[in-house]
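1. One predicted model, sequence on top.
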Amino acid sequence: MSTPAYDDQNVFAKILRGELPCHKVYEDARTLVIMDIMPRGDGHVLVVPKAPSRNILDIATDDLNAVMATVQKMARTVIRAFDADGTTIQQFSEPAGGQVVFHTHVHVIPRFDGVPLKPHTGEMADNDLLAAQAEKIRAALDQGTDS
């Protein structure tokens with residue numbers, strides 16, 4: 001299977017260029033973390049590499065390493081922010097793998113014992129709720145000792 005070419009008109013590329021709004025939670029030289037606008041749980045964030053790639057099949061190793069370091073930082077942070085019992089980390093590659101937006105991204109979802117993930121309905125969350133959750137995560141990030 002050959003991986004299709006990267007399309008720079010995807011929603012995450014537009015967010016990275018500042019063409020679309022987002023609730024930014026964290027940013028470093030190689031990654032951006034934003035609130036998922038269709039969350040499957042409270043505090044659901046997406047870790048996005050700044051360099052273009054479709055998914056895990058074509059991302060450069062250095063970019064993947066940067067993404068995973070940020071995923072770990074955010075997993076620790078969302079657990080702290082929401083007093084969660086754990087996290088679910090998801091990455092989908094290609095349509096057969098469930099990928100819908102073709103720019104590499106990793107889902108980090110705080111999880112609570114006995115609480116199932118919400119179904120992916122395609123409905124957007126309330127903007128004020130996302131803003132409040134983003135602020136809660138940023139505050140927990142500031143409290144953390146993660147490097």
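-> Looks like it came in fine. Numbering: from 1, shown residues only.
2. what sits against residue 136?
-> By C-beta atoms under 8 Å, 6 or more residues apart in numbering, residue 136 lies in contact with 43, 81-82. In this view, the C-beta of every residue, glycine as well, is placed from N, C-alpha and C.
3. How much space separates it from residue 45?
-> Look at residue 136 and residue 45: by C-beta to C-beta, to the nearest Å, they are 11 Å apart.
4. Equivalent analysis for residue 89, please.
-> In terms of C-beta to C-beta, residue 89 sits 11 Å off from residue 45.
5. Overlap in contacts, these two.
-> In contact with both residue 89 and residue 45: 107-109, using C-beta under 8 Å, 6+ apart.
6. Pick the one among those closest to residue 125.
-> residue 109 (13.0 Å; C-beta to C-beta).
7. show me the contacts for the closest one.
-> 39-41, 43-45, 78, 87-90, 117.
8. So which of these is surrounded by the most neighbours?
-> residue 45 (29 neighbours; other C-beta atoms under 10 Å).
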